[in-house]
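Undergrad: Got a sequence here, can you build the structure:
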Amino acid sequence: MTEGTLKIVFTGEDLARVRIASRIDELWEMAMSLHVLQRPGGGADMAGWRRQARADLAATGLLTPVRQTLAPLMPIKAYFPDFLTPHHAQAGPQNGIDALADTPPSRVRREVDQLRRHAALPATLDDLAHGDQRAITGLAALAGRYCQTAFAPHRTRMEHALGRERARLTRLLSDHGVEAMLAALGPRTRWRAPSLETDYAAGRYEIHLRGRGLTLIPSYFCRYTPVALADTSLPPVLIFPVPRRTPAPDPALDDALPNLLGTTRAGILHCIAATTGCTTSELARRTGTLLSSASAHAQVLHRTGLITSTRHANMVIHQITRLGTDLIHHQTGAGPATEPERTISSV
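TA: Sure thing, here's the model as predicted:
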């Protein structure tokens, strides 16, 4: 699937109404995790989660219903129905499940019909496609059971990762303002006032906020491009991947990075990886180097593709890239785990 661009256009009022989701949105995590189940890759942590989730879903009798109902509704395509991720879930998982169960049948029919333009649907979804209320209620119950079962092994890790990201964004918002925070969402996003642009899996798409603001929802299972709702009349949200945190290297391992990059530059790369993004001033403070030295080393790392450096006003925010993460893993001997190329449909 060819990636496109999502452009979100802000007004001054919208900038004042940007908010960060305060908790895990379990229904968005459900959608993103089903994509992870259907596609190999995503890193060693996702490989481990996939194995555990398959085993737990099979043990609870959920694997077949998930394969026949949830996965077809959320294919890795340019579209899946918006009713599956109601904004009520931001107030708590049960609120989201209740809202899903209360979706008007007419909306379910309309959005499932739209899904048919992008993917073939199995006969097991015929009742839902016709807006049958019992099918809608059953879908909501299945979604709730899926979230409880599939997220259990990783819930603490999810909470920690999303908590770190919320804290990072809140710190940027407090210290440098909303535009700096938007500029630091990740290497796939670009703040070009008055618009936020990001790589997007659904082709070219544009959202004009027009005073409604935007809710930023960091996601543990979103590992590819950010996601937005298809219906622009719904409350605007942007779901985006949390930066992948590189574990601190084990001192017992032979870390060859200082030999490759130099001691200071290797330390700066490790610092950027461990903090999931920081400014040049923070790099200098945390590594005990002069500001000019930290800036020069970061420029070299940026030119070689090991980090991204996003400028906003007089501040530059640095984040680790996939290449930088892989280099650290390789040099510390912690290479990514491998697994057979299996998906949920092949179990």
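
Undergrad: tell me the contacts of the residue lying closest to R204 once chain neighbours are set aside?
TA: Taking C-beta to C-beta, 6 or more residues apart in numbering, and ignoring the residues beside it in sequence, R204 has G4 as its nearest neighbour in space, at 4.6 Å. Yep, even glycine has a C-beta here, placed from its N, CA and C like the rest. G4 makes contact with D199, Y200, A201, A202, G203, R204, Y205, according to C-beta atoms under 8 Å, 6 or more residues apart in numbering.

Undergrad: redo that, cut-off 10 Å
TA: Neighbouring residues of G4 by C-beta atoms under 10 Å, 6 or more residues apart in numbering: A78, T198, D199, Y200, A201, A202, G203, R204, Y205, T225.

Undergrad: buried subset of those?
TA: Buried by 16 or more other C-beta atoms under 10 Å: A78, T198, D199, Y200, A201, A202, Y205, T225, out of the contacts of G4.

Undergrad: Can you name the two of those residues that sit furthest apart?
TA: Across the buried ones among the contacts of G4, no pair lies farther apart than A78 and T198, at 15.1 Å, counting by C-beta to C-beta.

Undergrad: in this protein, which ranges drop under the pLDDT threshold?
TA: By pLDDT under 70, the weakly predicted segments of the chain are 1-2, 244-255, 275-277, 312-314, 330-347.

Undergrad: And the helices in the stretch 201-347 of the chain?
TA: Under the criterion DSSP state H, counting those that start in this stretch, the stretch 201-347 of the chain contains helices at 257-261, 263-275, 280-287, 291-303, 322-331.

Undergrad: Now those helices in JSON lines, please, with extra columns for mean neighbour count and distance to A140.
TA: Shown next, in JSON lines, are these (neighbours: other C-beta atoms under 10 Å; distance: least, C-beta to C-beta, whole Å):
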{"stretch": "helix 257-261", "mean neighbour count": "15", "distance to A140": "49"}
{"stretch": "helix 263-275", "mean neighbour count": "21", "distance to A140": "39"}
{"stretch": "helix 280-287", "mean neighbour count": "18", "distance to A140": "44"}
{"stretch": "helix 291-303", "mean neighbour count": "17", "distance to A140": "46"}
{"stretch": "helix 322-331", "mean neighbour count": "18", "distance to A140": "36"}
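
Undergrad: Please enumerate the helices of the stretch 1-150 of the chain.
TA: According to DSSP H, counting those that start in this stretch, the stretch 1-150 of the chain carries its helices in the segments 12-16, 26-38, 44-59, 63-65, 71-73, 93-101, 105-116, 126-129, 133-151.

Undergrad: does the residue nearest to R204 have beta-bridge partners, and which?
TA: Counting by DSSP bridges, G4 is bridged to Y200.

Undergrad: quick revisit: which of the helices of the stretch 1-150 of the chain has the highest mean neighbour count?
TA: helix 26-38 (a mean of 24; mean count of other C-beta atoms under 10 Å).

Undergrad: Let me have the buried ones among the contacts of G4 in JSON lines, extended by distance to T64.
TA: JSON lines is the format used below for these (distance: C-beta to C-beta, whole Å):
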{"residue": "A78", "distance to T64": "27"}
{"residue": "T198", "distance to T64": "36"}
{"residue": "D199", "distance to T64": "34"}
{"residue": "Y200", "distance to T64": "33"}
{"residue": "A201", "distance to T64": "28"}
{"residue": "A202", "distance to T64": "29"}
{"residue": "Y205", "distance to T64": "34"}
{"residue": "T225", "distance to T64": "30"}
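
Undergrad: Out of those, which comes closest to R17?
TA: Once C-beta to C-beta is applied, the member of those that ends up nearest R17 is T198, at 19.0 Å.

Undergrad: Verify the contact between the closest one and A228 for me.
TA: Yes. Using C-beta atoms under 10 Å, T198 is in contact with A228, at 8.8 Å.

Undergrad: and for these two, which residues touch both?
TA: Applying C-beta under 10 Å, 6+ apart, one finds that T198 and A228 are jointly contacted by L6, I8, Y205, L238, F240.

Undergrad: Next, work out how far apart H329 and G203 are.
TA: As judged by C-beta to C-beta, to the nearest Å, H329 and G203 stand 33 Å apart.

Undergrad: coming back round to it: from the buried ones among the contacts of G4, pick the one nearest G42.
TA: Looking across the buried ones among the contacts of G4 and measuring by C-beta to C-beta, the closest to G42 is T225, at 12.7 Å.

Undergrad: What ranges does the stretch 151-300 of the chain have for its strands?
TA: Taking DSSP state E, counting those that start in this stretch as the criterion, the stretch 151-300 of the chain carries its strands at 189-192, 195-200, 205-208, 214-219, 237-241, 278-279.

Undergrad: Switch those strands over to a markdown table; also include distance to H154.
TA: Compiled in a markdown table, the strands of the stretch 151-300 of the chain are given as follows (distance: least, C-beta to C-beta, whole Å):
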| stretch | distance to H154 |
| --- | --- |
| strand 189-192 | 25 |
| strand 195-200 | 25 |
| strand 205-208 | 30 |
| strand 214-219 | 13 |
| strand 237-241 | 15 |
| strand 278-279 | 26 |
